[in-house]
Structures are given as C-alpha cells and as structure tokens.
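# show me the folded form of this:
(one chain, ligands or ions: 2)
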Amino acid sequence: MGVSQIPGQRDAVIDEDEARTKVTRGATQVVIYEKCQCPLIVKQFRLTHLSAGDLLQAEIELGSENGKMIQDYKKEGKIVPSEVTVKLLQQAMQGSTNNKFLIDGFPCNEENRTAFENIMKVEPDFVLFFDCSQEELTRRILNRNQGRVDDNIQAIPKRFQVYFESTLPVIDYYSSKGKVQKIDAERSIEEVFEAVKSIFLNFSGGSGEGN
Ligand SMILES: Nc1ncnc2c1ncn2[C@@H]1O[C@H](COP(=O)(O)OP(=O)(O)O)[C@@H](O)[C@H]1O
Ligand SMILES: O=c1ccn([C@@H]2O[C@H](COP(=O)(O)OP(=O)(O)O)[C@@H](O)[C@H]2O)c(=O)[nH]1
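Ligands and ions are numbered 1, 2, ... in the order given. Take a look at the predicted model:
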C-alpha cells in the first residue's frame, strides 16, 4: 500500500464460538471496510453489524455524560478514549443473541486494539482493508450530506492525519499476522461488494446465506 492510498473505512467483525460466552472466549473476526458495504454483508453472512461510530453518535444524541466529550473528539477527527468505545461495543455484544459480529470503524489505533483484545479475550479472524485515494474519499465524504460535524473540508485533513498516524499501525499489526485482505475501493459499490463477497465466501467455505 502506498502512502497516498488510504482505506475508505475502518470496520471490524467479531465472531465467537458461543453466544453465551462471546465476551470471554472464542474466535473473533475483525473486518475493515466501508459502512455502505455493511448491510450487504450482514444480510448475506448473518453477522450482527456494530458500528463504533454509530454507537458513539448514539451516546451524543442520548445526552449521556460522555456525549459532549465524544462530540468534541469527533469534531476534531480525534479518536475517543478506548474505555468509552470498548464499553459500548462490549454492551452491544453482550446484549446480542448472535455470535458473529461485524465491527465497523474499530479499532482506530493500537490502544483501541489492545484494550478490546484484553477485555474481550478475542481476536479477529480477518480484516478488510479498503484501499482508496484521498482525493476520491474526500469527494465521497463531501457528497455524503448527512450533517456530520466531521464531514467538512476543515476536519477531513485532520481525519486523514489521524488515520496515517494511528490507524495504519493497526493495519500493519494485522498484516504481520496475515489477517488483512486488501480491496480496491476506487471502484463502484457493486464491484467492491463482489470483492468483499468472495473474501467472505472463501473464509466461510461458501456458507453465505441468501443473496
Ligand atoms: N464504491 C463507492 N463508489 C461511490 N461512492 C461510494 C462508494 N463507497 C461508498 N461511497 C459513498 O461514500 C460515502 C461514504 O461511504 P461510507 O461507506 O459511509 O464510508 P465510511 O464508512 O468510511 O464513513 C457514502 O455517501 C457512500 O454512499
Ligand atoms: O472506534 C472509533 C470510531 C470512531 N471514532 C470517532 O468517530 C469519528 C467518525 O468515525 P466513523 O467510523 O463513524 O466514520 P468514518 O471516519 O469512517 O467516516 C472518528 O473520526 C472518531 O472521532 C472513534 O473515536 N473511535
């Protein structure tokens, strides 16, 4: 991967052996990809989609004691402290009856990764790396129009900088463990999904459900 290329999104999937014990033991999957791919994946492969960004946004909207602090981090494109994000993910996993999770937008840095793995005692099965140019990502973000505080021309360079400094080391770590699957994300949503699908099918031995 060249330094001019960055993944469109950091997303993760957690998969564990037993629903009752999912937080303490079992195999885990981490997948990294773009949010818009998640509904397609979870439907076909019966995963529960957990978006770290959405969980944090829900805290902001609830007006929880952490909400204001989270909002400030997001506005600056900074990474929210691990104890907050890991706790939200843990609660969501414990509250689910599924035993396979797609974690989207996490871990953002090495501290996120180690905190999550230490608390949950699980590791990802694989990670999807969405490779896309900064120019194309900037275009997509500015076209998104979801009223996000961080989707603007001031925040975007900060988010790229945080990505290069903090998130790339996570990709490097998972690469060293042979867990990263790289996808060319410059292409259309449909073409990207085809690439994602073949990775999942290879991993699950073709046991995807539905179409
Ligand atoms: N392959 C693609 N081609 C064109 N637009 C895309 C593609 N993938 C995502 N987008 C658009 O880019 C924006 C950001 O995508 P999203 O998946 O939400 O990214 P992220 O999860 O990184 O926030 C969305 O408006 C989405 O529709
Ligand atoms: O694990 C996470 C995920 C998200 N964020 C914060 O939420 C923002 C938006 O992240 P999200 O994954 O929702 O969106 P993306 O950057 O992929 O568009 C990030 O810039 C961070 O400020 C965070 O701190 N930790």
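# so residue 59 makes contact with residue 70?
Yes. With contact defined as Cβ atoms under 8 Å, residue 59 reaches residue 70; the gap is 5.6 Å. For the C-beta atoms, the positions are set from N, CA and C on the backbone; glycine is no exception.
# residues touching residue 119, list them.
Taking Cβ atoms under 8 Å, 6 or more residues apart in numbering, we find residue 119 in contact with 86, 90.
# sticking with it, tell me its helix or strand.
Per DSSP states H and E, residue 119 falls inside helix 110-120.
# right, and the helix or strand after that helix?
strand 127-133.
# can you show me the strands along the chain?
For the chain, strands defined by DSSP state E occupy the ranges 5-7, 14-15, 48-51, 100-104, 127-133, 180-184.
# residue of this structure closest to ligand 2, please.
Residue nearest to ligand 2 within the chain: residue 53 (1.9 Å; Cβ to the nearest ligand atom).
# pull the number of nearby residues for that residue.
Using other Cβ atoms under 10 Å, residue 53 has 20 other residues around it.
# and for the nearest residue to it once chain neighbours are set aside, the neighbour number?
Closest residue to residue 53 apart from its sequence neighbours, by Cβ to Cβ, 6 or more residues apart in numbering: residue 105 at 4.5 Å. Residue 105 has 22 neighbours, counted by other Cβ under 10 Å.
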